[in-house]
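Colleague: Below is the structure, and that's it, no one-letter string:
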């Protein structure tokens, strides 16, 4: 399978503390990859280093075949990597709509698979702008259509955000804030969605919906890199997983296989 993101021998330090020690992972195009481990294992540090928030000491990060190791956060986001951080970090004094609009600042005219285009936009555009690349079809959208498509998709995935579109983000529940954080990331038309603890502190029903949405987004062609303490739930939807302990990968493999490794679950992920 074609590689979308490839990390090789990555080292990151906070002063004298070695947070990551030679991490190498790969995200194949169209996959869901889970990063698991206990608190302090280096999971969030890994995501922050991939998206330009923390500089690495050494090692490389390649995205779509291009070296982005030293790229800025803005360039990485514009290239199609959207990061939903732990704690959501939405703008509380702005409305739901204003938060979503901020997420769209990097959008541009692009081609998307027809199944990734909202039905309302597909109907309006028609089939005249569909192009074929081998067996793959792509629908060309201008910048305004991309914005409308992304907003319609977010509101379809999270109807409660449409209901609260003019409401201040600070008035949302924890689950609604998480939906808003994910929706804001989707407004940038990501090719790779990076999620840091999306289920943290949420009620079971909301957690279930969040994981359903992740799976649904993957069906639209978005690759996902997921850090999650709810290990068993993450392994249910992931294709492949890496387990971190004290900044190093101690286990990796097909997610379904790891989900049945009781010794692994008890030793590294909690009973």
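Modeller: Sure, I can see it. None of the values given here were measured: they were computed from a predicted structure.
Colleague: According to the record, where do the domains of this structure fall?
Modeller: Using automatic domain parsing, the domain ranges for the chain come out as 1-80+229-271, 82-189.
Colleague: Dump the ones you listed into JSON lines; add distance to residue 211 and mean neighbour count as well.
Modeller: From N, CA and C alone the C-beta is placed, and that goes for glycine too. Formatted as JSON lines, the domains of the chain follow (distance: least, Cβ to Cβ, whole Å; neighbours: other Cβ atoms under 10 Å):
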{"stretch": "domain 1-80+229-271", "distance to residue 211": "6", "mean neighbour count": "18"}
{"stretch": "domain 82-189", "distance to residue 211": "11", "mean neighbour count": "17"}
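Colleague: May I have the secondary structure class of the residue of the chain most remote from its centre?
Modeller: Largest separation from the mean C-alpha position in the chain: residue 128, at 31.3 Å (Cα atoms, centre = their mean). Secondary structure state of residue 128, per DSSP: H, G, I helix; E, B strand; the rest coil, is coil.
Colleague: one step back: and the domains of the chain as a markdown table, adding distance to residue 201 and mean pLDDT?
Modeller: Shown next, in a markdown table, are these (distance: least, Cβ to Cβ, whole Å; pLDDT from 0 to 100):
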| stretch | distance to residue 201 | mean pLDDT |
| --- | --- | --- |
| domain 1-80+229-271 | 10 | 92 |
| domain 82-189 | 6 | 92 |
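Colleague: got CSV for those, with distance to residue 219 too?
Modeller: Converted to CSV, the domains of the chain look like this (distance: least, Cβ to Cβ, whole Å):
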stretch, distance to residue 219
domain 1-80+229-271, 10
domain 82-189, 8
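Colleague: Looking at the ones you listed, which is nearest to residue 209?
Modeller: Residue 209 sits nearest to domain 82-189 of all the domains of the chain, at 8.0 Å, using Cβ to Cβ.
Colleague: first to last residue in that closest one, what's the distance?
Modeller: 8 Å (Cα to Cα, to the nearest Å).
Colleague: Then stretch 247-258?
Modeller: End-to-end distance (Cα to Cα), stretch 247-258: 19 Å.
Colleague: ranges for the helices of this structure?
Modeller: 43-50, 73-78, 96-103, 119-125, 143-157, 159-163, 174-186, 204-219, 231-237, 255-259, 262-264 (DSSP state H).
Colleague: and the fifth one with helix 204-219, angle?
Modeller: Our comparison of helix 143-157 with helix 204-219, counting by axes from the mean of the first three to the mean of the last three Cα atoms, to 10 degrees, yields an angle of 140 degrees.
Colleague: Show me the contact partners of helix 143-157.
Modeller: Helix 143-157 is touched from outside by 100, 104, 107-110, 112, 117-118, 120-121, 125, 141, 161-162, 165, 179, 183, 186-189, 213, 216-217, with contacts defined as Cβ atoms under 8 Å, 6 or more residues apart in numbering.
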